[in-house]
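Student: please work out how this folds:
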Amino acid sequence: YTGGTLGPIGTYSTGGNGNGRGFYASNRIIVVGDYLYASNAASNTVSAFKIDTSTGALIPNSVAGSPFATGGSDNSVESGISLAATSDGTYLFAGNTGSQTVAAFGIGSGGVLNPVTGSPFYVAGTMSSMKVTPDGKYMCVAGKLDTHVTVFDFAKIMQLIDQKKFVGTDPYGVPILPFK
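Tutor: You can find the predicted model right below:
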């Protein structure tokens, strides 16, 4: 705000590619602590930025390894990557609509995203939005053009992954968990 006008603090390249269609932007960015994460549907990545807490500006190239691959795939009809995080800032999830998978990442030192073993996992359905409950126990997924919300127990997902209890793989080699 300067001289009675409001202007942006800055505009920042994510280093990834969007595709010009899909979900609304509110599902594609999330702030976790002092880091902002933005999804890039066409390149199937998540970009990370450190936030300068004194100015609100994003610091380009401040998170090693960014952008991070989600292991998902995009398509021209069902497009987008919805982001959600646990309230304690330990995990970030990326819902890959094109491949109907969720990538799980541990949020490491410096905002680095570390893929959880077995991730991404297949969830069957096009996701338009994801949220994690405040206690971090459940992930809620809303489907695109669907009248349902599906709730997943995060501890059970991690248990299945740790035990490598997969019922197969999808055409891309992504492990499928036995959801019932």
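Student: and the closest residue to Thr86 other than its chain neighbours, how many neighbours?
Tutor: Nearest residue to Thr86, sequence neighbours excluded (Cβ to Cβ, 6 or more residues apart in numbering): Gly136, at 3.9 Å. Placement of C-beta: from N, CA and C, glycine included. Residues lying near Gly136 (other Cβ atoms under 10 Å) number 16.
Student: then Thr53?
Tutor: There are 9 residues near Thr53, going by other Cβ under 10 Å.
Student: next, the contact list for it, please.
Tutor: Asp34 (Cβ atoms under 8 Å, 6 or more residues apart in numbering).
Student: please apply the same query to Arg28.
Tutor: Residues near Arg28 by Cβ under 8 Å, 6+ apart: Ala38, Ser39, Ala41, Gly80, Ile81, Ser82, Leu83.
Student: dig out what the second one forms beta bridges with.
Tutor: Which is Ser39. Ser39 forms beta bridges with Val46, as assigned by DSSP bridges.
Student: ok, it to Asn27 distance?
Tutor: Distance, Ser39 to Asn27, by Cβ to Cβ, to the nearest Å: 8 Å.
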